[in-house]
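In: what's the 3D shape of this:
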Amino acid sequence: MHDFNLLIINWYRQNKRNLPWRITKDPYKIWLSEIILQQTRVDQGTNYYLKFCKNYPTIKDLANADEQEVLTDWQGLGYYSRARNLHFAAKMIMNEFDGTFPTTFEDISRLKGVGTYTASAIASFAYDLPHAVVDGNVFRVLSRLFDISTPIDTTEGLKIYNTLANDLLNREFPAEHNQAIMEFGALQCTPSNPNCESCPFVLSCLARKNNSIQIRPVKKGKTKVKNRYFHFLHLEDEYHLLLTKRKEKDIWQNMYQFPLIEKEEAMDLTYLKEAFTSLFGVNVTVSKTNIKHILSHQHIYTTFWRIHELPKIFNKNSEYLWLEKKELVRFPIPRLIERYLEEMSEPSVYTD
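Out: Below you'll find the model as predicted:
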């Protein structure tokens, strides 16, 4: 164990990346970085981290912000429940902890959107508390070093890995130890083509000895992917776009989108025209654009139907927002719709 601690920290001191959240002990900023980096690459998440630190320099600033503002700043990062949870937890800190970030693992774990890994990371990075982190990188490193065949997505597997990670933890320097093993997995012991030749554990790695590196870690099974078929209705005039707010507890909750018809299968043009006639009492001409949007557990097959004759009924319906195009930057929209607007030939749709 002593050799492991010595080797991993020596490797880290020589190879670590200079990342902005590593130069602070502020638990608020460390929390921001951990939430932003969930399901997000470091190179993508860094700019969002800097943006949030600038726009919401304190917990109070974040708690007092409007949710729409927070979602807009999060736009493009995906998994928007993270932003909603972040905002909710900031209010919780103000109300239940007098505006001071909680200082124990147990209290940190109470924050909405914070699981065992995130609480362990914050507790060790901000307060040097002896809690081992176990994320995807750590799963991979430990599974290879000890050639563990137990699936990581089982109760037994989680128990094995958490116990091992805590047994290995350098309790004198828990923050540096956790950063080191995570960084080692990100840079050295990578998912494919790990750099085994220069690895400090090359002589002790059991997966290398047993030729099982490429099959570690083991997962029991893949998550079933759900197919969804979205049909967005794109209505605009020279200065306006028609939007509506997503209120259901689903992806993109409380964000803005074009009016939507969701079906269990693709919808043809004939059906669409009949639907318009039935819904709005007008005959319309349309053109369409198809985009496939892949989320972790969902494949969204999307058709954007550009409507060239505006049903006036929308102007009278409070469910819809007839928005000036120059104001679009203030409204959070899904990356899927943002991509569509970017790819359109008429830049006036999404620029001032």
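In: CA only for contacts and neighbour counts going forward, please
Out: Noted.
In: at which residues are the strands of the protein located?
Out: 226-234, 240-245, 256-257, 260-263, 286-294, 298-307, 320-324 (DSSP state E).
In: what's the last one packed up against?
Out: The elements that strand 320-324 packs onto, with contact taken as 3 or more CA pairs under 8 Å, 6 or more residues apart in numbering; DSSP states H and E, are strand 240-245.
In: show me what the strand it packs on is packed against.
Out: Looks like strand 240-245 contacts strand 256-257, strand 320-324 (3+ CA pairs under 8 Å, 6+ apart).
In: can you add distance to Glu96, mean pLDDT and mean neighbour count and give those strands back as TSV?
Out: Compiled in TSV, the helices and strands packed on strand 240-245 are given as follows (distance: least, CA to CA, whole Å; pLDDT from 0 to 100; neighbours: other CA atoms under 10 Å):
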stretch	distance to Glu96	mean pLDDT	mean neighbour count
strand 256-257	31	94	23
strand 320-324	36	87	18
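In: turn those strands into JSON lines, including distance to Gly221.
Out: Formatted as JSON lines, the helices and strands packed on strand 240-245 follow (distance: least, CA to CA, whole Å):
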{"stretch": "strand 256-257", "distance to Gly221": "34"}
{"stretch": "strand 320-324", "distance to Gly221": "42"}
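In: so where's this protein uncertain?
Out: In the predicted model, the chain carries pLDDT under 70 at residues 1-2, 222, 267-269, 272-273, 275-286, 309-318, 345-352.
In: out of the strands of the chain, which one sits most buried?
Out: strand 256-257 (a mean of 23; mean count of other CA atoms under 10 Å).
In: partners of that strand, with directions?
Out: In the sheet, strand 256-257 lines up against strand 240-245 (antiparallel) (DSSP bridges).
In: distance of Tyr49 relative to Pro130?
Out: The gap separating Tyr49 from Pro130 is 25 Å, by CA to CA, to the nearest Å.
In: contacts for stretch 95-111?
Out: 27-28, 59-60, 89, 92-94, 114-116, 119-120, 122-123, 127 (CA atoms under 8 Å, 6 or more residues apart in numbering).
In: how about it as PDB, C-alpha atoms only?
Out: Only the C-alpha atoms of stretch 95-111 are listed here, as PDB (Å, rounded to 0.1, in the frame of the first residue of the first chain):
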ATOM      1  CA  ASN A  95     -31.800  28.300   3.900                       C
ATOM      2  CA  GLU A  96     -30.500  25.400   5.800                       C
ATOM      3  CA  PHE A  97     -26.800  26.200   6.300                       C
ATOM      4  CA  ASP A  98     -26.900  30.000   6.700                       C
ATOM      5  CA  GLY A  99     -25.200  30.400   3.300                       C
ATOM      6  CA  THR A 100     -22.100  28.500   4.400                       C
ATOM      7  CA  PHE A 101     -21.100  25.400   2.400                       C
ATOM      8  CA  PRO A 102     -21.500  22.300   4.500                       C
ATOM      9  CA  THR A 103     -18.300  20.900   6.000                       C
ATOM     10  CA  THR A 104     -19.100  17.200   6.600                       C
ATOM     11  CA  PHE A 105     -19.500  14.400   4.200                       C
ATOM     12  CA  GLU A 106     -22.900  13.700   5.600                       C
ATOM     13  CA  ASP A 107     -24.200  17.200   5.100                       C
ATOM     14  CA  ILE A 108     -22.600  17.600   1.700                       C
ATOM     15  CA  SER A 109     -24.400  14.300   0.700                       C
ATOM     16  CA  ARG A 110     -27.700  16.000   1.600                       C
ATOM     17  CA  LEU A 111     -27.400  18.500  -1.300                       C
END
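In: how far is it from where the chain is centred?
Out: 22 Å (CA atoms, centre = their mean, to the nearest Å).
In: over to stretch 125-136?
Out: Here stretch 125-136 is found 20 Å from its chain centre; the criterion is CA atoms, centre = their mean.
In: over to stretch 323-330?
Out: Centroid separation between stretch 323-330 and its chain, computed with CA atoms, centre = their mean, is 25 Å.
In: what does stretch 120-137 give?
Out: Put simply, stretch 120-137 sits 19 Å off its chain's centre (CA atoms, centre = their mean).
In: who's in contact with stretch 129-145?
Out: In contact with stretch 129-145 (CA under 8 Å, 6+ apart) are residues 117-118, 120-121, 123-124, 148-149, 152, 161-162, 165-166, 169-171, 174-175, 178, 181-186, 189-191, 201, 204-208, 212-213, 216-217.
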